[in-house]
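K.L.:
Dropping a prediction and its sequence here:
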Amino acid sequence: MKKIFRGQVILSAVYTVTAIVVFLYTLVFMTEYNDLFGLKMPQNKQIAQFYEVILQGFNRQILVWAIVGIIGILMIVLLEIRTAVPDRFAAAVMTVYMGCCCFGAVNAIRNILAIWAYYKGLDFQYLYADGITGYELKFTTFQVGIGIYSVQIIVCVAFAAVLLLVAMLAVCGISYAYFHEYYLYFWLMNMPVAVAVMAGEPQTQG
């Protein structure tokens, strides 16, 4: 039980760092594409719309989800996730919240891939008309974003799983040593069987 709780504490810290990184990413997302700001010539209208509508719209969207992630840090503090075993309410709230964060991250990755494909299909040959020469396609921001959001999904899923496990063990009054005795049931995906077996035997304290 102590080792699992330690995992809860570690994952809460990892989630905190991840949420901050995601928030910082949204703040610098547009930086790489500043060259495309202020295009006026009709030949570059599609590129201007890409910058003003698609990129900026997406940036606002991920900023909202990043703020949701930052609020998650506050919830970790308020629900005492770092210092105590979560009760059923805290575990349920945080699990739903992690699910929301996962949804936002998955949606961000899907949109990044769509924007990436659209960006590669734009015609940049007339940028010289707006005084821009030697423009090269830039994909670093997209690549970094996919990496960051992939990590966020992994962290949120792992965090939610550990919270549920700790809460289940705490509610059932099962010690870590007692749980470990029946770990094969869990690894064999027979968790209901394991819980039933443990519930039917005297529990050891530890």
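P.N.:
Received, thanks. Since we're looking at a predicted model, the values are computed, not measured. Residues are numbered from 1 along each chain as shown.
K.L.:
quick one: low-confidence parts of the chain?
P.N.:
1-5, 170-206 (pLDDT under 70).
K.L.:
Which residue lies nearest the spatial centre of this structure?
P.N.:
residue 152 (2.8 Å; CA atoms, centre = their mean).
K.L.:
element containing that residue, please.
P.N.:
Assigned by DSSP states H and E, residue 152 falls within helix 140-172.
K.L.:
My guess is the residue nearest to the centre of the chain contacts residue 101. True?
P.N.:
Yes. Using CB atoms under 8 Å, residue 152 is in contact with residue 101, at 6.7 Å. The C-beta positions use only the backbone N, C-alpha and C, and glycine is treated the same way.
K.L.:
residue ranges of the helices in this protein, please?
P.N.:
Under the criterion DSSP state H, helices of the chain are mapped to 2-28, 45-49, 56-78, 88-120, 140-172, 176-181, 183-187, 191-199.
K.L.:
Mind checking those helices for the one nearest to residue 35?
P.N.:
helix 45-49 (10.1 Å; CB to CB).
K.L.:
re earlier: what about the residue nearest to the centre of the chain, distance to residue 161?
P.N.:
15 Å (CB to CB, to the nearest Å).
K.L.:
Next: residue 6.
P.N.:
Distance from residue 6 to residue 161, by CB to CB: 15 Å.
K.L.:
Tell me which residue lies farthest from the centre of this protein.
P.N.:
Largest centre distance within the chain, by CA atoms, centre = their mean: residue 129, 41.0 Å.
K.L.:
can you tell me how far that residue sits from residue 19?
P.N.:
42 Å.
K.L.:
what's the burial count for residue 147?
P.N.:
Using other CB atoms under 10 Å, the number of residues around residue 147 comes to 12.
K.L.:
give me every residue that touches it.
P.N.:
Residue 147 makes contact with no residue, according to CB atoms under 8 Å, 6 or more residues apart in numbering.
K.L.:
Any idea how many residues pack against the nearest residue to residue 99 once chain neighbours are set aside?
P.N.:
Residue nearest to residue 99 in three dimensions, not counting chain neighbours: residue 160, with 7.0 Å by CB to CB, 6 or more residues apart in numbering. Per other CB under 10 Å, the neighbour tally for residue 160 reads 21.
K.L.:
do residue 127 as well
P.N.:
Residues near residue 127, counting by other CB under 10 Å: 19.
K.L.:
quick one: contacts for it?
P.N.:
39, 44, 47, 133, 135.
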